[in-house]
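K.L.:
What shape does this take:
(one chain, ligands or ions: 1)
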Amino acid sequence: MSAAMQCDYFDRGVCGTCTLMGTPYDVQLASKIAHARTLLAFWPDAVWLPPMQSRQSGFRNKAKMVVGGTAESPTLGILDATQHGVDLTLCGILSPGLRAAFAPIAAFISRARITPYDVPTRRGELKHVLLTQSPDGELVLRFVLRSTEPLGRIRKHLLGLLADLPNLSVVTANLLPEHKAVLEGDEEIALAGDETLAMRLGDLVLHLRPASFFQTNTDIAMGLYAQAREWIDEVGARSVWDLYCGVGGFALHVAAPGRLVHGVEVSAPAVESARLSAVEAGLSGVTFEVGDATALDAGDTPDAIIVNPPRRGLGDRLCATLEASGAPTIVYSSCNATTLARDIAAMPSYAPQRIRLFDMFPQTDHYEVMVLLSRRSTSNYT
Ligand SMILES: C[S@@+](CC[C@H](N)C(=O)[O-])C[C@H]1O[C@@H](n2cnc3c(N)ncnc32)[C@H](O)[C@@H]1O
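P.N.:
Predicted coordinates:
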């Protein structure tokens, strides 16, 4: 049996986010595989590939810290049952680079006198600190604020923070005026640095704007993209759609000479980033469009369709479109095996051939699972 990770916050009962903390890693993995196998039991002929395992600690590239306490002594972490701040800056699942940035950020909050937002009284300004680290160690820092009130002081003291954290490449303020339990608002104000964070994944650089989605475990994201590439190459697809493409992770990785790839994503900034990454990589056969994947009209059906929706899955409408599309291959990557199983059942013309679990979220019972689906009447088209 493999060793279990230990966490003081979990042991003291102050944080229960990692529900499997203290469970040996191989036990965690076995229970995730059993969970996925149960949900996908309706397709017993599919071949299960060995899971992609993760590092147990330091694997998260993104920290979403609720700010509490006072401007003099802020806490970065979560809120307790009484809605007061609990500091989690030593959280072991975060990458070391994220953890190292918290002390300079807390000192900056004090210097710039940014009062943490107090949920019970609805007073104060700073709600969350959102921090993302690239594989090269560069950081994006976003202050989620109730209003623009602290912006002058933030700007005044920013040079000091940039000196303390030379790897800060993007700093923004995000405005969330409403009193509601969401992470961020719609308005993003650039404060310092570049427009995007360069996420270097092997030979490819994916550009990430502050509010765009990126898979939280970079090693596992690279594994997902490599697996999709392998399957798309194997079936010899000459045209590929990447639905829910985000900043283009799948699309850019499956790009190849003689293959047309088209990504669809609802977020315009993510599409801008994806286009920039394609141009920089010299990938002329890759295009992206801003659009609602669920409203797609499967006119010119491609050889293969990659889908990577949010937890809610594809839904009835897109399943019906894909079912009628005639595309020989679908690669479905999902962070929710329940909606994945529901969606596959809604596309009876497709049979799962191969399934692989990717342990994107160690220490929790969440995981990513990717399925290669083939249209039943079609075996190959190369
Ligand atoms: C799980 S993420 C996948 C992103 C990308 N495939 C990747 O690997 O980074 C889901 C993405 O779907 C986008 N999205 C959500 N609803 C959508 C819709 N109806 N149509 C198109 N994109 C959508 C989100 O903005 C997000 O970028």
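K.L.:
show me what contacts the residue of the stretch 151-300 of the chain found nearest the ligand?
P.N.:
Across the stretch 151-300 of the chain, the shortest distance to the ligand (Cβ to the nearest ligand atom) belongs to Gly246, at 2.8 Å. Every C-beta, even on glycine, is put in place using the N, C-alpha and C of the backbone. Contacts for Gly246 (Cβ atoms under 8 Å, 6 or more residues apart in numbering) come out as 212-214, 265, 267, 270, 274, 308.
K.L.:
one more time with 10 Å
P.N.:
206, 208, 212-215, 263, 265-267, 270-271, 273-274, 308 (Cβ atoms under 10 Å, 6 or more residues apart in numbering).
K.L.:
Same check on Glu230?
P.N.:
254, 372.
K.L.:
Look at Thr382 and report its pLDDT.
P.N.:
Per-residue confidence (pLDDT) for Thr382: 37.
K.L.:
rewinding a little: kindly give a single ChimeraX line that selects the buried subset of the contacts of Gly246.
P.N.:
Paste this into ChimeraX to select the buried members of the contacts of Gly246, with burial taken from 16 or more other Cβ atoms under 10 Å:
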select :206,208,212,213,214,215,263,265,267,270,271,273,274,308
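K.L.:
sec struct for the closest residue to Val14 other than its chain neighbours, please.
P.N.:
In space, Val14 comes closest to Val86 once its chain neighbours are excluded; the distance is 5.3 Å by Cβ to Cβ, 6 or more residues apart in numbering. Following DSSP: H, G, I helix; E, B strand; the rest coil, the label given to Val86 is strand.
K.L.:
What ranges does the stretch 101-250 of the chain have for its helices?
P.N.:
Listed in chain order, the helices of the stretch 101-250 of the chain (DSSP state H, counting those that start in this stretch) span 151-164, 218-234, 249-254.
K.L.:
Out of the ones you listed, which gets nearest to Asp11?
P.N.:
helix 218-234 (26.2 Å; Cβ to Cβ).
K.L.:
now the residue of the stretch 151-300 of the chain closest to the ligand: how far from Gln215?
P.N.:
Note on Gly246: its distance to Gln215, by Cβ to Cβ, to the nearest Å, is 8 Å.
K.L.:
what do those two both touch?
P.N.:
Asn308.
K.L.:
Give me every residue in the stretch 101-250 of the chain lying close to the ligand.
P.N.:
Counting by Cβ under 6 Å from any ligand atom, the stretch 101-250 of the chain comes close to the ligand at 213-215, 244-247, 249-250.
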